[in-house]
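What shape does this take:
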Amino acid sequence: MIRSIISHFFPNSCLACEKEIDPGHYLCFECLNSMDGPIMAPLELPYIDSAFSYWKYESPMRELIHAYKFEDRPGIAHLFSNMTFEMMNTFLPATNVVVPVPTSLQAFVKRGYDTNLGILRFLSRKVEIRIENILSISGKTVPQSTLKMKDRIDNVKDKFRLKKKPSCDSVILFDDVVTSGATASQCARVLREGGVKDIVFFAVASAKK
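The predicted structure is shown next:
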């Protein structure tokens with residue numbers, strides 16, 4: 001009853017085209033089918049043996065990620081897990097240890113949830129992964145999305161710390177979106193210094209040119 005009243009006065013709309021859609025969905029059928037992917041796109045990043053993204057950071061994926069990170073839509077994590085678990089499966093013969101890129105304290109307080117951990121927890125219900133939340137970020141950082149590419153390395157340089165050593169020397173480093181790659185590379189550098197020998201990086205989407 002309450003749900004139907006809410007749906008009547010506040011109809012659910014597609015995040016990309018704003019077409020009215022059923023409650024519990026984020027994209028209309030047309031926008032979902034228009035997505036360019038999935039495609040396992042290789043990336044080149046310092047300190048990382050191999051890096052991949054699964055989708056391009058363009059509409060409607062761009063609107064999905066923006067809503068997830070900035071519009072209080074934690075449920076989108078479930079959608080991302082459904083969209084990416086097949087790719088995660090391809091890495092598991094090598095290692096099942098997944099290290100999320102950490103969320104800053106100010107971002108966590110503002111959102112009320114950790115975006116990367118949210119996706120991984122849903123993924124862990126579908127594939128055999130071991131989440132090791134062993135990285136932290138210290139001090140204040142400006143959101144990478146607000147900076148020019150040349151400023152992003154300085155923004156995250158020496159900001160990451162290893163809270164404890166990983167359980168093995170081969171890990172999957174995970175982030176929701178990669179842009180310049182500066183954050184992933186700095187996290188990988190810290191993992192290397194902590195004894196990790198093999199690092200695969202996986203992002204849901206990439207805006208890296």
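
burial of D72, as a residue count?
12 (other CB atoms under 10 Å). Placement of C-beta: from N, CA and C, glycine included.

For it, give me its contacts.
With contacts taken as CB atoms under 8 Å, 6 or more residues apart in numbering, D72 has the following neighbours: R111, G112.

before we move on, what about the one 10 residues further on?
Contacts here follow CB under 8 Å, 6+ apart; on that basis N82 touches F122, K126.

quick check, it in a helix?
Yes - checked against DSSP: H, G, I helix; E, B strand; the rest coil, N82 lies within a helix.

where does it sit relative to S50, distance-wise?
Distance check for N82 against S50: by CB to CB, to the nearest Å, it reads 24 Å.

where's the closest residue to I131 other than its chain neighbours, which helix or strand?
Spatially, and ignoring its direct neighbours in sequence, I131 is nearest to L120 (5.1 Å; CB to CB, 6 or more residues apart in numbering). In this structure, L120 is located in helix 115-123 according to DSSP states H and E.

Next secondary structure element downstream of that helix?
Secondary structure here is assigned by DSSP H and E; on that basis, the next helix or strand after helix 115-123 toward the C-terminus is strand 130-131.

Direction included, what does that following strand pair up with?
Its sheet considered, strand 130-131 pairs with strand 97-100 (parallel) by DSSP bridges.

residues in contact with the strand it pairs with?
Outside of strand 97-100, the residues within contact range by CB under 8 Å, 6+ apart are 88, 114, 116-117, 120, 123, 129-135, 166-168, 170-175, 187, 191.

List only those of those flagged as buried.
For the contacts of strand 97-100, burial is judged from neighbour counts taken by 16 or more other CB atoms under 10 Å, and it is met by 88, 114, 116-117, 120, 123, 129, 131-135, 166, 170-175, 187, 191.

The residue nearest to I131 contacts L173, correct?
No - contact criterion CB atoms under 8 Å: L120 and L173 do not qualify, at 11.5 Å.

With that, I have no additional questions.
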